[in-house]
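Asks: Next comes the sequence, and after it the predicted model I'd like to discuss.
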Amino acid sequence: MKDTIAAVSTAYGEGGIGIVRISGDAAEQILTDIFVPAFDAALKEGHKNQRKKKVGENRKLIYGTITDPKTGEKIDEALAVFMKGPATYTKEDIVEINCHGSIISLRKTLALVLSMGARPAEKGEFTKRAFINGRLDLSQAEAVIDLIKAKTDKGFGLAMDQLSGKYSKEIADIRNRIKDILVQIAVNIDYPDEDIESIVYEDLKKSSSQIGDMIGFLIDSANTGRIIKEGLDVVIVGRPNVGKSSLMNALLRESRAIVTEIPGTTRDTIEETISIKGIPVKITDTAGIHDTDDHIERIGIEKSKSASEKADLIVFMLDASQKLTEEDREIMEAIDGKKTIVLINKTDLQKKLETDEIKKTLSSCYLIETSLLSGEGLSEIEEEIEKLVYGGHVKQENSLLVTNARHEMLLKEAAKALDDAGKMISKGEPLEFIEVDIKRSYDFLGEITGETVTDDIIEEVFSRFCLGK
Amino acid sequence: MGEYDVIVVGAGHAGCEAALASARLGKKTLLLAINLESVAMMPCNPSIGGTGKGHLVREIDALGGEMGINIDKTFIQSKMLNTAKGSAVHSLRAQADKQLYHQEMKKTVEKQKNLDLKQEEATDIIINGGKVEGVITKTRVEYKCKAVILATGTFLRGRIFIGSISYDSGPNGLSPSIMLADNLKKHGLPLRRFKTGTPARALGSSVDKSKMKEQKGDDIITPFSFMNDNIEKEQISCWLTYTNEKTHDVIRENLEKSALYGGYIEGIGPRYCPSIEDKVNRFSDKKRHQLFVEPEGTDTDEVYLQGMATSLPEDIQEDFYKTIEGLEKLKIVRPGYAIEYDCIDPQELKMSLENRSIENLFCAGQLNGSSGYEEAAAQGIMAGINAVLKIDGEEPFVLDRSEAYIGVLIDDLVTKGTGEPYRIMTSRAEYRLVLRQDNADIRLTEKSYILGLASKERYERVIRKKEIIGKEEKRLETTRIDRETANSFLKKTGGAGVKNSVTLSELLKRPEVSYERLKEIDRERPEMKKHEAEELQVRIKYKGYIEKQLAQIERFRKMEDKKLDENMNYREIQGIREEAKQKLEALKPLSLGQASRISGVSPADINVLMIWLEKKKREKKESK
């Protein structure tokens, strides 16, 4: 028998409702003990024609009150439902209690549930159970973990795609195409005497490279997927007083800050995560370093250098009212080769800055003129960031993105194996050798959805689900 | 009347190998046949080998079995199939002189020390305390023994069907084994029905070969047995012709009259070896089907009409055969027929081919749901070896899927089970690049020698072969050819030139260069046998691929090495589906790898099982 777990499954905060979820063999008993349905109360008051319902009737949402059986204290009004396993998320018996969303009400309800014999669920434990009980395949379980960690709506949507199996279906489709080739090869090898058309190498080449393209497309999406999941690293650089802090503040005002100030690794950078067009963007401002001592300018350049090394995007700020300084030039040199937006601020003042030199040094940069005072140019920055994330790909609402590093690695392996096969085909090597690579590709893809069972999955599972403490 | 260590019931291809292996391992063995004419009888096609099957014969030979040696003595045509493809899937096939094949095998059995061959019908087995202890014959003779190997082939409750007519019969008109079937059922062995079919035999002199395409044997004969280096022999040709629309019309019009389509047959037939009725019906868009006219021997005029198995009434058979080009004046001497027989579910067996419920009872061949002489013989030799090991209290001899086609065959049968007569195919083997027919001896002979089955002479041949190949491999890797010589050679082969000198092995790696071709610029090469040269060539040419496959095998082994306790309680593992629990309980897989191959056990079930095992392991570690 498995122990019964419980947790508040909605996000903490002030919401309309909040849900306490219980999973395990004792779920039904706990509900019966703490939940007084409204019709019971009604019966006591004499309404005899009220249909008698049982608490714990499968999949019936019942209205009532959460009541502490020991003290008789009414904790909250609630809707409760009992769902009999195995047709549930965890494949175990599940109870969900919809309380009012206040933290106090939820905490009290949970405390009562725990006092009745459930134990608090670990993070992700419902999903863990769903996976262990065979309800989700590995890629779906991973999706749930991602869902829990999703930082923005976009990331949430991607994880949902994966959870709903859209992703598994896409992989299955590619695998089916590979299977077709494998079947053809098998027939050709095992029935040499039969009147069967022998495989034409050109056709084989064509179909394998088509499949390779399909896999390639998914791999290409991985970068975008990762950014959407983990956030785009943006570093703002520029010498003091060009308006870095103003930009930071303006962006923060524009968008909803998801995470308020995370202290940087050093005290002199500020990191904020904001959402721009649904993409989580982690902005590092190298401000705040200019008023400590005389060497500050040197440090500023060093900072820009190291921060820009790990950045996905640099926003290099300049003052339109001043000519390019030596320091600007040194910063330019430091960030050369990175994706850069050059932001020329203070366009409301008289323009003295020459942009030719900037364009020459940072040949692939994107220039935006702005006046943060008036808010001009901000939307341009946001658009540019979005463009960058989708990497020139036409953004489609429904396109599938790979967000998981393990999947990306396996997709690359699969593509490589197919590529190897392509080389063998070109050389006209015998079918059974070509088959080895095609089969490998097939197996790698199977590992994503868990159809190819290998020992490595164990490691993966134990690292992600913290089992067997 | 007499006491034996091992009694083998049935003297077909499985029975002969089982009995010979047991006797050669020093056990007093009795081989019973309903009729001595059935010893190594070939009641269907007159050939041994083919894709996958040829690999099995090589492996049987490498283990010290008889099939390879016997076909080498008695073949009338030999052909290496798939030579247009790489050597990993080359498959040897030989046309046999059926009568001679039977006679030679019978002689070998008769001469074998420790082995008695008797014409007697086994009608029951004696079971005591869940253990088999002997065999009873039709004439009420009781033989005591320590182990029984059942190899009843298509005899067990055999029933022949031609059109709407059917009657009890073993193959080829021999009497069937019915009492044994009844008694096995009484002992609780669940039996089911399979069927197979065979085409008509006709007189070769009634066939007009001038209208057909000749199919010759190979110029250079490759022997089946590793004990034979060269065989030179006059070969007899086969002949190819095709059915046509007229043939198909006759068959279509009379489809309902066939035993199969008339609904007379309940047994399940093999999909990959369909009758002509099946082919016409299921592949109606195909305009023609192949027919090979194959001689049944040198001392007979009978020919076998390969590809035309049928259960239509005799007159319809004659009608449709005669529409085929070259067969207009065909004289049929034995009509085609379908035969239905009892067999067991191989999932009732352990990997050693011992029955799960009756101790010391082993099963082999068609009784286990396979089809084909080679598949039968392969199980026969393994059952023979394992019966002996069981008597001696030793661990069973099991080959896994990465070691041999025999391993693939038995694992497929025992682990996955089969819903139709099972035929081996190279694509059933995941690791066919290493399971080649030319290296079966290197893979298996030493194992068998250690068991005491393969002879010393055989073992020494393998050692020599390994040495020669190893030495030559090194020589090719170290012998350099100067740029000029290399380039003038490559010009002739049509390959791109080189900038520097190259080694012989680098040249051999090119697709357009063969070891044979390389001879031109490699005058100091040592004398090598053909199969040795072939093995060498594959090793060098496809080194990278063989290494990839070896890496795959390593991964496979990891799962095979995760052993499962036979007494494991699958009930207590939450999350495994009910169907999978039942399968796991019934089959008691020996490893996680084997469990993953059971049909009805899904990857998700395996993941659950894997996690459960790992959790147990970690808990154990922690409690220590």
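Replies: Noted; the coordinates are in hand.

Asks: check contacts around residue 232.
Replies: Chain wasn't specified; assuming chain A. A:Leu232 makes contact with A:279-282, A:312-313, A:385, A:388-389, according to C-beta atoms under 8 Å, 6 or more residues apart in numbering or on different chains. Where C-beta positions appear, they are placed from N, C-alpha and C, glycine not excepted.

Asks: oops, I was thinking of chain B
Replies: B:Glu232 is in contact with B:Ile221, counting by C-beta under 8 Å, 6+ apart.

Asks: And B:Gly269, by the same measure?
Replies: Counting by C-beta under 8 Å, 6+ apart, B:Gly269 makes contact with B:194-197, B:260, B:275, B:278, B:338, B:420-421.

Asks: Check B:Ile406 too.
Replies: B:Ile406 is in contact with B:56, B:59-60, B:378, B:382, B:399, counting by C-beta under 8 Å, 6+ apart.

Asks: From those residues, pick the one nearest B:Leu327.
Replies: The closest of those to B:Leu327 turns out to be B:Leu56 (C-beta to C-beta; 32.3 Å).

Asks: Tell me if I'm right that that closest one and B:Val408 touch.
Replies: No - between B:Leu56 and B:Val408 there is no contact under C-beta atoms under 8 Å: 9.5 Å.

Asks: Between those two, which has more neighbouring residues?
Replies: The neighbour comparison of B:Leu56 against B:Val408 (other C-beta atoms under 10 Å in any protein chain shown) goes to B:Leu56, with 32 against 26.

Asks: tell me the SS of the more buried one?
Replies: What DSSP: H, G, I helix; E, B strand; the rest coil gives for B:Leu56 is helix.

Asks: what does the stretch 301-450 of chain A have sitting close to chain B?
Replies: Residues of the stretch 301-450 of chain A lying close to chain B (C-beta under 8 Å from any C-beta of the partner chain) are A:427-433, A:436-437, A:439-440, A:450.

Asks: and if we set it to 7 Å?
Replies: Of all the residues in the stretch 301-450 of chain A, those in contact range of chain B (C-beta under 7 Å from any C-beta of the partner chain) are A:427-433, A:436, A:450.

Asks: Need these in JSON lines (columns: distance to B:Val333 and neighbour count).
Replies: Shown next, in JSON lines, are those (distance: C-beta to C-beta, whole Å; neighbours: other C-beta atoms under 10 Å in any protein chain shown):
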{"residue": "A:Lys427", "distance to B:Val333": "51", "neighbour count": "13"}
{"residue": "A:Gly428", "distance to B:Val333": "47", "neighbour count": "10"}
{"residue": "A:Glu429", "distance to B:Val333": "47", "neighbour count": "19"}
{"residue": "A:Pro430", "distance to B:Val333": "42", "neighbour count": "21"}
{"residue": "A:Leu431", "distance to B:Val333": "41", "neighbour count": "24"}
{"residue": "A:Glu432", "distance to B:Val333": "41", "neighbour count": "25"}
{"residue": "A:Phe433", "distance to B:Val333": "46", "neighbour count": "25"}
{"residue": "A:Val436", "distance to B:Val333": "47", "neighbour count": "25"}
{"residue": "A:Gly450", "distance to B:Val333": "58", "neighbour count": "24"}
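
Asks: Widest-spaced pair of those?
Replies: Using C-beta to C-beta, these reach their maximum pairwise distance at A:Gly428 and A:Gly450, which is 36.1 Å.

Asks: follow-up on the earlier one: just name the closest of the contacts of B:Ile406 to chain A, please.
Replies: Nearest to chain A out of those is B:Leu56 (C-beta to the nearest C-beta; 13.5 Å).

Asks: mind listing what B:Gln317 touches?
Replies: The contact partners of B:Gln317, by C-beta atoms under 7 Å, 6 or more residues apart in numbering or on different chains, come to B:200, B:310, B:332, B:335-336.

Asks: Let's see if you can find the most crowded of the residues you listed.
Replies: In terms of neighbours by other C-beta under 10 Å, those top out with B:Thr310 at 29 neighbours.

Asks: Roughly how far does that one sit from chain A?
Replies: As judged by C-beta to the nearest C-beta, to the nearest Å, B:Thr310 and chain A stand 18 Å apart.

Asks: same question, B:Ala376
Replies: Taken as C-beta to the nearest C-beta, the span from B:Ala376 to chain A is 19 Å.

Asks: That residue: what's it in contact with?
Replies: Counting by C-beta under 7 Å, 6+ apart, B:Ala376 touches B:12-14, B:364-366, B:370.

Asks: before we move on, what about A:Asn188?
Replies: Going by C-beta under 7 Å, 6+ apart, A:Asn188 touches A:196, A:198-199, A:431.

Asks: Looks to me like it is in a helix.
Replies: Yes - under three-state DSSP, A:Asn188 falls within a helix.

Asks: Just give me the longest helix of chain B.
Replies: The longest helix of chain B (DSSP state H) is helix B:456-478.

Asks: and the residue of the stretch 1-150 of chain B found nearest chain A, what pLDDT?
Replies: Chain A sits closest to B:Gly86 of the stretch 1-150 of chain B, with a gap of 2.9 Å, by C-beta to the nearest C-beta. B:Gly86 is assigned a predicted lDDT (pLDDT) of 79.

Asks: okay, now it: neighbour count?
Replies: As a measure of burial, B:Gly86 has 22 neighbours, counting by other C-beta under 10 Å.
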